[in-house]
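Undergrad: Output the structure for:
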Amino acid sequence: RIKPISQEYAKTALVQLASANFCYGKRPANEVVVQSMKPSAAYHYCLESFCEVRSTAQAEIPFTGMSVDTSANGQPPTPWEVQVFAKEKFKDEKKVCEVPHTASVQNCRKCKGNGTETCTACQGKGQNPCSQCQGPQCPACQGHGAKVCQTCAGKGVKTCDTCKGHKMVKSYIQLTVEWFNHVSHFVHQTQSSLPEQLVQSAPGQIVFKEENPWVYPIQQCPEPTINKASLDLLTKHKDQFKNERLLLQRQTVKIVPITEVQCQWEGKEFTEYVYGTDNQAYCPDYPQKWCCGHCNIL
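TA: Residues are numbered from 1 along each chain as shown. Sure, this is the predicted structure:
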C-alpha cells in the first residue's frame, strides 16, 4: 500500500531540489501553491546474471631463476579444472594466472639467446640522419650529417624486449578468467511519467527478491507486466550469454512511491514529482531556472 505524502513534504522536496541546483531560483519553491496531489507507484524489475568466461593463451616472461612447474609434476588441468574464484559475486572482475604443470624454460627465440637485439630505431647502424642538418656548420651534428642513436647509445643493439637481457624465457599457458554481471531493467509506472533512470536509482520497497544458480520467471506478481518482463528478460539473457557459464542469477521487484503534484507560482502552472521512500523531487518545467551548465536537472 502506498502511503500518500502531505503538502508539506511536497514543498520541502521542491525547496531541496531548488537548493541543490545552482541554476534554479529559490522563490518558486518557497512560494509555491499546491493545487492537487495524485499518488501512484512504479514497479522496477531487475534481473542480474553473474557469468564466467575462461580463455587460455601461450605466454612467456624473462627467466630469472624462479621455480618452474613443468609437466613432470603432473598432467596439466583443463581450464575449468583450475581453482579460481571471484572475490565478490555480482561484480565484474578479471584474474590472470598460470595453468599448473605447463611451464618450460628455453632460449629466447627473439634474440636467439644473446640477450640483445638489433636496434630498430637505427637499424643497427648506431646513428641516424640529422633531421635538422644545416651542412658542414650544423650545430646539431657538427657537420657529420648523422647523430648518435639515442635508443641504443650508438651501439646498434639494445636489450631484448622479450627476455630483458636474461637470454632465457619461461614459457607457460596463461589462463584468463573474467566474471561479468549482466544487468537488465524493466520499469512500469501506473500513472506517472517519471524518467526510468530515476525510478531505477530511487529507494523503494523490495517486495520480491530471489537469488539462485538460476531463477524461474515470476508468475505471481499482481502487476502482469512484471511477470511478462521476468519471462522476456530471462529468455533474453539465456540467448545473449549462452557462451558464458552461468554462476548465479538474482531478480528483484521494487515498488517506488510517486506523487504527481500540480503546482502554481505567479500564475504559472507546473508539475512536480516526489518519488522514492526518501522523497526526492523531479520538476522538468520548474518555472524559474537558467541554463548555465553548472547543474544537472536529473
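
Undergrad: Could you measure from the residue nearest the centre of the chain over to Cys46?
TA: Centroid-nearest residue in the chain, with Cα atoms, centre = their mean: Asp92, separated by 7.6 Å. Applying Cβ to Cβ, to the nearest Å, the value for Asp92 to Cys46 is 16 Å. Just so you know, the C-beta spots here come from the backbone N, C-alpha and C atoms, and that holds for glycine as well.

Undergrad: What of Gly156?
TA: For Gly156 relative to Cys46 (Cβ to Cβ), the value is 62 Å.

Undergrad: try Ser230
TA: 10 Å.

Undergrad: quick one, which of these two is more surrounded?
TA: Neighbours were counted for Ser230 and for Cys46 using other Cβ atoms under 10 Å; Ser230 has more, 23 against 18.

Undergrad: Provide the contact partners of the helix or strand that one falls within at residue level.
TA: Taking DSSP states H and E as the criterion, Ser230 maps to helix 224-240. Residues outside helix 224-240 that contact it (Cβ atoms under 8 Å, 6 or more residues apart in numbering): 43, 45, 47, 49, 182, 184, 186, 188, 215-221, 249, 251, 253.

Undergrad: Show me what the helix or strand hosting Arg54 pairs with in its sheet, parallel or antiparallel.
TA: Element membership of Arg54, judged by DSSP H and E, is strand 33-62. If you go by DSSP bridges, strand 33-62 pairs up with strand 168-189 (antiparallel), strand 245-265 (antiparallel).

Undergrad: So which of those strands is nearest Phe208?
TA: Nearest of these to Phe208, taken as Cβ to Cβ: strand 245-265 at 4.0 Å.

Undergrad: so what pLDDT did Ala153 get?
TA: On pLDDT, Ala153 comes in at 87.

Undergrad: for Val34, that is, sorry about that
TA: 93.

Undergrad: What is the burial count for it?
TA: Counted with other Cβ under 10 Å, Val34 comes out at 16.

Undergrad: I'd like the distance between it and Glu272.
TA: 9 Å.

Undergrad: Find the residues that touch each one of those two.
TA: Common neighbours of Val34 and Glu272, counting by Cβ under 8 Å, 6+ apart, are Ala10, Val261, Cys263.

Undergrad: would you turn the strands paired with strand 33-62 into TSV with distance to Gly65 and mean neighbour count?
TA: As requested, the strands paired with strand 33-62 are exported to TSV (distance: least, Cβ to Cβ, whole Å; neighbours: other Cβ atoms under 10 Å):
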stretch	distance to Gly65	mean neighbour count
strand 168-189	10	18
strand 245-265	37	20
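
Undergrad: thinking again about what came up before, give me the angle between the helix holding Ser230 and strand 168-189.
TA: Going by axes from the mean of the first three to the mean of the last three Cα atoms, to 10 degrees, helix 224-240 is angled at 160 degrees with respect to strand 168-189.

Undergrad: I am finished for the moment; much appreciated.
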